[in-house]
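1. dropping the sequence and predicted coords here.
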Amino acid sequence: MRPIGRLVLLQVQRTTLKTGVKPNRTYDPTPLLRVPRAAVSPGGVMGWGDRDAWVVDIHHRAHPNTKNDDGVHGVSVGFTSHYEAMRARFGGLLTLGCAGENLIAESAAMITADEITRGLVVTGPDGAEKVQLTVLKAAEPCRPFTAWAQGRQVESAVLKENLQFLQNGMRGFYLQAEGSAVVEVGDLLQAV
């Protein structure tokens, strides 16, 4: 296994981040809730909330309004290096986790799909394996997030360039948990 970095942020998405009707949908990261630990399972993610209770992520299959009927994006991961690149392009509006990933790992390098195609593993600080994660696909950019990141209206050619910039895992990756575990900030994310 190859270490990627420590988990520095865990969060759940309580409700949808995109609202409105196409083509006028908007993006708002307000429903994101940072948590100190998260229960990761094949069904998705639940976060330990501020009321000493588990909060179900909207991509968990048990959420009443789940956005994961097909089971292909119950868990998502992002990287600090990707956020640095997005901030360099779009500015300070892009705070760590604003794209909605459940797990954010510290990383000095950009992480590509080729590097994690064999999967990821979360281990505790003692090195004990907690959960394996199968990488299903890159989280492709959407117009509402890209428009929000730009912070203003731009020409369609610029929007297209920005959508292309956010492809290939820049906005993270969707995963499937192989088993269940509670992961915590400080745990280590490793590539298989």
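-> Arrived safely.

2. for the protein, give the strand that spans the most residues.
-> strand 2-13 (DSSP state E).

3. what pairs with that one, parallel or antiparallel?
-> strand 32-35 (antiparallel), strand 103-105 (antiparallel), strand 188-191 (antiparallel) (DSSP bridges).

4. for Val75, name its beta-bridge partners.
-> According to DSSP bridges, the partner residues bridging Val75 are Leu175.

5. for it, list the residues it contacts.
-> Shown here is Val75, whose contacts under the criterion C-beta atoms under 8 Å, 6 or more residues apart in numbering are Val40, Gly44, Val45, His59, Asn102, Leu103, Leu133, Tyr174, Leu175, Gln176, Ala177. In this view, the C-beta of every residue, glycine as well, is placed from N, C-alpha and C.

6. the last one contacts Val135, correct?
-> No. Checked against C-beta atoms under 8 Å, the pair Ala177 and Val135 is beyond contact range at 11.5 Å.

7. for the helix or strand hosting Lys130, buried residues please.
-> Counting by DSSP states H and E, the element that carries Lys130 is strand 129-138. Neighbour-count burial for strand 129-138, with 16 or more other C-beta atoms under 10 Å as criterion, is recorded at Lys130, Val131, Gln132, Leu133, Thr134, Val135, Leu136, Ala138.

8. can you redo these as TSV with pLDDT and distance to Met86?
-> Putting the buried residues of strand 129-138 into TSV (pLDDT from 0 to 100; distance: C-beta to C-beta, whole Å) gives the following:
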residue	pLDDT	distance to Met86
Lys130	98	28
Val131	98	27
Gln132	98	28
Leu133	97	22
Thr134	96	25
Val135	94	20
Leu136	92	22
Ala138	94	14
